[in-house]
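Student: only geometry, no sequence info:
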């Protein structure tokens, strides 16, 4: 199976699980078991979906670090939307700068490793 097809399938699986979770919460709310809020409160799940998809099915460029950064931002925004934390993103924007900086460093290190591994494999006649 091609890498892009596999990534698409995994992304669909992640989206399906997130929709099941949110839908389940609203079913429980309709039954009076929990208070799930409004559907508009769950827009950060889109960022969580993107982050998980990037982490679990990285492209050839290997965007694992960007995946976890997007995931963390999505989780933070989701917790804020649900009133589980009191901080707002505008209060913590320096943390976002640190996360992006760490992402850039990680991508650089991971990219160097891939180049070294590719060079090493090519030097051994392509056998790993």
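Tutor: That came in fine, so what should we check first? A quick note: this is a predicted structure, and the numbers were derived from the prediction, not measured. Residues are numbered from 1 along each chain as shown.

Student: excluding its backbone neighbours, what's nearest residue 54?
Tutor: Excluding the flanking residues, the one nearest residue 54 by C-beta to C-beta, 6 or more residues apart in numbering is residue 67, at 3.0 Å. For every residue, glycine as well, the C-beta is placed using N, CA and C.

Student: ok, now residue 41?
Tutor: The shortest distance from residue 41 to any non-neighbouring residue, by C-beta to C-beta, 6+ apart, is to residue 81 (4.7 Å).

Student: so what's that neighbour up against?
Tutor: By C-beta atoms under 8 Å, 6 or more residues apart in numbering, the contact list for residue 81 reads 37, 41, 42, 43, 44.

Student: which of the helices and strands in the chain ranks last by mean pLDDT?
Tutor: Every helix and strand in the chain was compared by mean pLDDT, DSSP states H and E; the lowest is helix 93-123, with a mean of 75.

Student: buried set for stretch 16-26?
Tutor: Using 16 or more other C-beta atoms under 10 Å as the test for burial, stretch 16-26 gives 18, 25.

Student: for that stretch, give me every contacting residue.
Tutor: Stretch 16-26 has contacts (C-beta under 8 Å, 6+ apart) with 34, 36, 39, 42, 45, 48, 49.

Student: one more: stretch 66-79?
Tutor: In this structure, residues lying in contact with stretch 66-79 by C-beta under 8 Å, 6+ apart are 42, 44-56, 58, 85, 89, 92, 96, 99-100, 102-103, 107.

Student: return the distance of it from the chain's centre.
Tutor: Between the centre of stretch 66-79 and the centre of its chain there are 6 Å (C-alpha atoms, centre = their mean, to the nearest Å).

Student: in it, what counts as buried?
Tutor: Buried-residue list, stretch 66-79, by 16+ other C-beta under 10 Å: 66, 67, 68, 69, 70, 71, 72, 73, 74, 76, 77, 78.

Student: mind listing the helices for the chain?
Tutor: When secondary structure is read from DSSP state H, the chain shows helices at 3-30, 45-56, 64-81, 93-123.
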